[in-house]
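Q: Sequence and predicted model, in that order:
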Amino acid sequence: MPLVEQSSVEPGEEIVYDDGTHIGFLARFAALPGYILVAPKAHVEHVVRDLDEDQFIAVMRVVRRVALALEASVPCERTYLLSLGSQQGNTHLHWHIAALPPGVPYEQQQYHALMAENGIIEHTSEEAAALAATIRHALDAR
């Protein structure tokens, strides 16, 4: 199976997790602070039928571990977890992990909060690197 190589991670997407089988990185066009994508490195397209039970549980352990580190790193009222993609584009299986900041009005939560069309977080590469380091530190502490 083809792998998602570290070199295929776009500039500005800071890696927060890499265990050799899965990778997690900050999204370049993040709609929420600390928006992270987690994916298996092996090319997988379908979240249910392309993973056996052990592989599914393994990726979900990574998603949970990264989500807990994110919650420890940014103010968070709720954590959103989604697996999105399409055969028409973005076919590689990936999980979106996004922390909803406290105080966001209800009508701006859920899908609205996740859509880049409603605004993205502007940050410098230094700010992204610092946030990634904070998340990696939280992962190491777990």
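A: Now that the structure is in, tell me what you want to look at.

Q: And residue 9, what's its pLDDT?
A: Looking at residue 9, its pLDDT reads 60.

Q: next one: the one 5 residues further on
A: At residue 14, the model reports a pLDDT of 95.

Q: ditto for residue 88
A: 85.

Q: same deal with residue 138?
A: On pLDDT, residue 138 comes in at 97.

Q: what helices or strands is the helix or strand of the chain with the lowest mean pLDDT leaning on?
A: Lowest by mean pLDDT, DSSP states H and E among the helices and strands of the chain is helix 111-114, with a mean of 90. On a contact count with 3 or more C-beta pairs under 8 Å, 6 or more residues apart in numbering; DSSP states H and E, helix 111-114 meets strand 78-83, strand 95-100. Every C-beta, even on glycine, is put in place using the N, C-alpha and C of the backbone.

Q: who wins for proximity to residue 32 among these?
A: strand 95-100 (4.5 Å; C-beta to C-beta).

Q: what about this protein, any weak spots by pLDDT?
A: 1-12 (pLDDT under 70).

Q: ok so, going back, would you turn the helices and strands packed on helix 111-114 into JSON lines with distance to residue 66 and mean neighbour count?
A: Shown next, in JSON lines, are the helices and strands packed on helix 111-114 (distance: least, C-beta to C-beta, whole Å; neighbours: other C-beta atoms under 10 Å):
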{"stretch": "strand 78-83", "distance to residue 66": "10", "mean neighbour count": "15"}
{"stretch": "strand 95-100", "distance to residue 66": "6", "mean neighbour count": "22"}
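
Q: Much appreciated, bye for now.
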